[in-house]
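1. Let's see this in three dimensions:
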Amino acid sequence: MGILGFFSKENKDSLNKGLEKTKESLLTKISKAVIGKSRVDDEVLDNLEEILVSSDVGVETTLRIIERIQKRAASDKYLNTNELNQILKSEIVNLLAENKSVESELLPTRNGGNPYVIMVVGVNGVGKTTTIGKLAYLFKSSGKSVLIGAADTFRAAAVDQITIWADRVGVPIVKQQMGADPASVAFDTLTSAKANNFDIVIIDTAGRLHNKINLMNELSKIKKVMQKVIPDAPHEVLLVLDGSVGQNAFEQAKQFTKSTEVTALALTKLDGTAKGGVVIGISDQFKIPVKFIGVGEKMTDLQIFNRVEFVDSLFS
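-> Model (predicted):
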């Protein structure tokens, strides 16, 4: 099923509700910035720059956006402040598209006859386990068969937590006892998935501090062992980031992208923060597509990222 099949009115309502804090903060600040102004001038742009930075869009990305608006103002000669929201929407959507932050047309499917393998990484506390459970639900709802591998064997209760999610969603899970070799769990998971023709495999990994070299070595080992079963696995390395921590999410992304080949991002907990601008900044600076965003507690509140709908929700 294409992405638009999932973006129903319910999804839109959920997105609007989830981004409510960010939207209210952003629109209120922009409204104040243009009070008494009929055109977009240097003062308005300076205020807008401060607003975007304070919304955790990030300095570099903010400057890119401001530069785009300055060019529009120069070419249009007279840029009305009433048009500012619409201009911001279009420029941010274009920016995300240029930086390859374009949503996938289709959900993952079998790869060359083998299961499509997603390795999920991220530090503890970002919502990694919850994201895996909701991903499994999303894929299962689209008609895919899903198998979870519980390769986070170091954290107390991690296996229990992912098992609860697997039971809740109604998908099978491969697990071993706490302290087992994570690569062994991944090997067993892929072997079972291949033998039983599963469509998608989701491998959980340990979420210790992102600057610990042993964790990164462990991720490399898991990859190598998986490739003994499926040579091109994993097909996706999904980094889960907590959107509510703002600039700290940038640092986590920086450390993980240095140490492992991250191919996609999931931003969680956007409903509990006014820092939703972090989605724009991270996708721009790291040139890695945001594929999923978490906008609430419900099973359906992990959404496939649609840049047009996201930006429209922020500025409408």
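2. Other residues contacting stretch 290-299?
-> Residues from elsewhere that reach stretch 290-299, judged by C-beta atoms under 8 Å, 6 or more residues apart in numbering: 14-15, 17-19, 101, 103-104, 127, 130-131, 133-135, 137, 168-169, 238, 243, 264-271, 279, 282-283, 301-305, 310. Using the backbone N, CA and C atoms, a C-beta is placed for each residue, glycine as well.
3. Identify each buried residue in stretch 275-294, please.
-> By neighbour count on 16 or more other C-beta atoms under 10 Å, the buried set for stretch 275-294 is 275-286, 288-294.
4. and the contacts of stretch 290-299, which are buried?
-> Here, 16+ other C-beta under 10 Å leaves 14-15, 18-19, 101, 103, 127, 130-131, 133-135, 137, 169, 238, 243, 264-271, 279, 282-283, 301-305, 310 buried among the contacts of stretch 290-299.
5. Check the offset of the host helix or strand of Ile164 from the chain's centre.
-> Per DSSP states H and E: Ile164 is located in helix 158-169. Centroid separation for helix 158-169 versus its chain: 21 Å, with C-alpha atoms, centre = their mean, to the nearest Å.
6. Dump it to CSV, restricted to CA.
-> C-alpha atoms of helix 158-169 as CSV (Å, rounded to 0.1, in the frame of the first residue of the first chain):
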residue,chain,number,x,y,z
ALA,A,158,14.5,-5.3,27.8
VAL,A,159,13.5,-8.7,26.4
ASP,A,160,10.4,-8.8,28.6
GLN,A,161,9.3,-5.3,27.3
ILE,A,162,9.7,-6.2,23.7
THR,A,163,7.9,-9.5,24.3
ILE,A,164,5.0,-7.6,25.7
TRP,A,165,4.8,-5.5,22.6
ALA,A,166,5.0,-8.5,20.3
ASP,A,167,2.2,-10.2,22.2
ARG,A,168,0.1,-7.0,22.1
VAL,A,169,0.6,-6.6,18.4
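7. Which of the residues in it are classified as buried?
-> 158-159, 161-162, 165-166, 169.
8. helices or strands next to that helix in the packing?
-> When contacts are defined as 3 or more C-beta pairs under 8 Å, 6 or more residues apart in numbering; DSSP states H and E, helix 158-169 sits against helix 128-141, strand 146-150, strand 173-174.
9. Please work out which of these is packed deepest.
-> strand 146-150 (a mean of 27; mean count of other C-beta atoms under 10 Å).
10. Walk me through which strands that one pairs with, and which way each runs.
-> Applying DSSP bridges, strand 146-150 is found paired with strand 173-174 (parallel), strand 200-204 (parallel).
11. now that strand and helix 158-169, what's the angle there?
-> If you take axes from the mean of the first three to the mean of the last three C-alpha atoms, to 10 degrees, strand 146-150 sits at 160 degrees to helix 158-169.
12. Which ones among the contacts of stretch 290-299 map onto helices?
-> Of those, the ones assigned to helices by DSSP state H are 14-15, 17-18, 130-131, 133-135, 137, 168-169, 279, 282-283, 310.
13. re earlier: point out the most buried one among the strands paired with strand 146-150.
-> Scoring the strands paired with strand 146-150 by mean neighbour count under mean count of other C-beta under 10 Å gives strand 200-204 as the most buried, with a mean of 29.
14. Of the ones in helices among the contacts of stretch 290-299, which is the nearest to Ala233?
-> Proximity of these to Ala233 (C-beta to C-beta) peaks at Leu135, which lies at 16.8 Å.
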